[in-house]
Structures are given as C-alpha cells and as structure tokens.
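Student: coords below, sequence missing:
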C-alpha cells in the first residue's frame, strides 16, 4: 500500500507546486502598506508658546503610532499654483536667517514642530511673520511593517511626491486639522 501512495503523493505535490494564488494588492515587495497623513494648518509660533506647537495624534486620528513607526514632517514652503504645493522635509533651514530651522520631534503619543536657532542668543521673535505665522505642516506616519523602512531604501524622503507614491498616500484622505 505504501508503494502505491508514494507516486500519488508525488503527483499531488507537483500539482500543488504549480498553483499560484492571488498576489494581493500592489505595494512594495508584495506588501500593501498605507501611510497616514495629517495636515496641520494655521500654526503660529511666538514667545508665548516658546516657538513650539504640539499636537496629540489621538486628537486627529484613530491610528495608533508605535515606537517602531517612522514619522516624517514636511513644511509647506511655497506653491507653484493653487494645486501644486511645494513641501520641504524637516528639519528645514530658514534660508535667509543663518542657523534657524524648523524642526520636529515625536513620540507614540504626540509630535511637536518648533523653531530653533543654533545661537541661543538669537531672538526668534525677530523673524518675519512669513516664518512664524499661519504655517502648514504635513505629518506622514509610516507603519513599521513597511519593508524599506527596515532594510534601507533608495527612496528620496525629501521628495514628498515620491513618498506619497511609495506609501500609497491618498490626497483625498489627508486628515486636515486647524491649530488652536
């Protein structure tokens, strides 16, 4: 009886080896990962808030941010027209003021964007309203299970459009939030 089963099992294994299932949705390395994007508008920096704006993730999204997730923050730098914004990855130097940058930090609970000067004696209050008032930031949360975040990637993270494409960021699903 064993001699008859071996050829049958061999034939069955060949048949199953040739089967191919659904490859799933497109994504990197066969993994469909979608990032979450939060846009915070009308952020104002001043001495009263120590030139810092902080927001809890739970105030704007139900997405849980883990220690292992990556968070990228972009500042709206300019616009070509009303449909073509120019986003710059932070930290971002303020070009006409040496040593002053937009910076950010984050934890699984919140994120902060802030202005910082290399020279502690520099008065941030002397900056033009162009850099301190009505600023807009895009916060992109990249899940840790995305393969390129673990293995290194050739992706240019300074290019918001490339990040948007790589992480399936849907502009219609950007969570909009107005700063208080």
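Tutor: Yes, it's here. Remember, predicted model here, so these are calculated numbers, not experimental data.
Student: can you give me the strands in the protein?
Tutor: 36-43, 52-56, 70-81, 84-89, 92-93, 100-106, 110-117, 135-142, 175-178 (DSSP state E).
Student: How far does the fourth one sit from its chain's centre?
Tutor: Spelled out, that is strand 84-89. 13 Å (C-alpha atoms, centre = their mean, to the nearest Å).
Student: Paired strands for that strand, with orientation please.
Tutor: Strand 84-89 has the following strand partners under DSSP bridges: strand 70-81 (antiparallel).
Student: go on, the fifth one?
Tutor: As defined by DSSP bridges, the strand partners of strand 92-93 come to strand 100-106 (antiparallel).
Student: for this protein, which spans come out with low pLDDT?
Tutor: Residues of the chain meeting the criterion pLDDT under 70: 1-34, 95-97, 145-153.
Student: re earlier: among the strands of the chain, show me which one is buried the most.
Tutor: Across the strands of the chain, averaging neighbours per residue (mean count of other C-beta atoms under 10 Å) puts strand 135-142 on top, at a mean of 22. In short, each C-beta sits where N, CA and C put it, glycine included.
Student: ok now that one, how far from the chain's centre?
Tutor: With C-alpha atoms, centre = their mean as the basis, strand 135-142 stands 6 Å off its chain's centre.
Student: And for stretch 100-112?
Tutor: 12 Å.
Student: The residue positioned nearest the centre of the chain bridge partners, please.
Tutor: Geometric centre of the chain, nearest residue: residue 140, 2.1 Å, by C-alpha atoms, centre = their mean. Residue 140 forms beta bridges with residue 37, residue 72, as assigned by DSSP bridges.
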